[in-house]
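Q: Quick one, fold the following:
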Amino acid sequence: MAKKLVIKVTAGADAPERCSQAFTVAAVAVASGVEVSLWLTGESSWFAVPGRAAEFTLPHAAPLPELIEGIMAGGGITLCTQCAARRDISEGDVIEGVRIAGAQVFVSEVMADGVQALVY
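A: You can find the predicted model right below:
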């Protein structure tokens with residue numbers, strides 16, 4: 001079994017089911033004791049901004065703010081540097097504890113021994 005799970009979510013409100021699946025899998029993995037690193041890219045980048053997750057709704061899905069809270073409790077959330085820049089999101093604009101990092105850090109995480117990577 002992988003020691004760490006890295007999940008890259010590329011979808012946001014534009015593809016709500018795919019987005020919700022990524023956050024749900026990340027939260028369940030954290031709750032199961034798996035080390036999780038969730039990467040927000042593309043339209044999911046907006047969920048690094050306080051209050052934006054509360055605007056997301058999907059019938060029969062856990063509320064995104066609750067999933068984010070669960071992920072942050074035992075894992076980490078990273079916002080893609082380029083994605084943030086394209087949306088004029090800076091370090092001062094994100095939820096406390098969310099880091100901003102780029103492709104080099106992502107590649108380093110997914111290439112480490114014992115890591116399983118998923119992309120949604």
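
Q: and stretch 16-23, what's its mean pLDDT?
A: Here stretch 16-23 scores 98 as its mean pLDDT.

Q: any low-confidence regions in the protein?
A: Within the chain, the ranges that satisfy pLDDT under 70 run 1-2.

Q: Kindly list the longest helix within it.
A: If you go by DSSP state H, the chain has its longest helix at helix 16-31.

Q: Format the CA atom coordinates belonging to that one as PDB.
A: Taking Å, rounded to 0.1, in the frame of the first residue of the first chain, the C-alpha atoms of helix 16-31 are listed here in PDB:
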ATOM      1  CA  PRO A  16     -18.900  19.200 -10.400                       C
ATOM      2  CA  GLU A  17     -19.000  15.400 -10.200                       C
ATOM      3  CA  ARG A  18     -15.300  15.000 -11.000                       C
ATOM      4  CA  CYS A  19     -14.400  17.800  -8.600                       C
ATOM      5  CA  SER A  20     -16.400  16.300  -5.800                       C
ATOM      6  CA  GLN A  21     -15.000  12.900  -6.400                       C
ATOM      7  CA  ALA A  22     -11.400  14.200  -5.900                       C
ATOM      8  CA  PHE A  23     -12.200  16.000  -2.700                       C
ATOM      9  CA  THR A  24     -14.200  13.000  -1.400                       C
ATOM     10  CA  VAL A  25     -11.400  10.500  -2.100                       C
ATOM     11  CA  ALA A  26      -8.900  12.800  -0.500                       C
ATOM     12  CA  ALA A  27     -11.000  13.200   2.700                       C
ATOM     13  CA  VAL A  28     -11.700   9.500   2.900                       C
ATOM     14  CA  ALA A  29      -8.000   8.700   2.500                       C
ATOM     15  CA  VAL A  30      -7.100  11.100   5.300                       C
ATOM     16  CA  ALA A  31      -9.800   9.700   7.500                       C
END
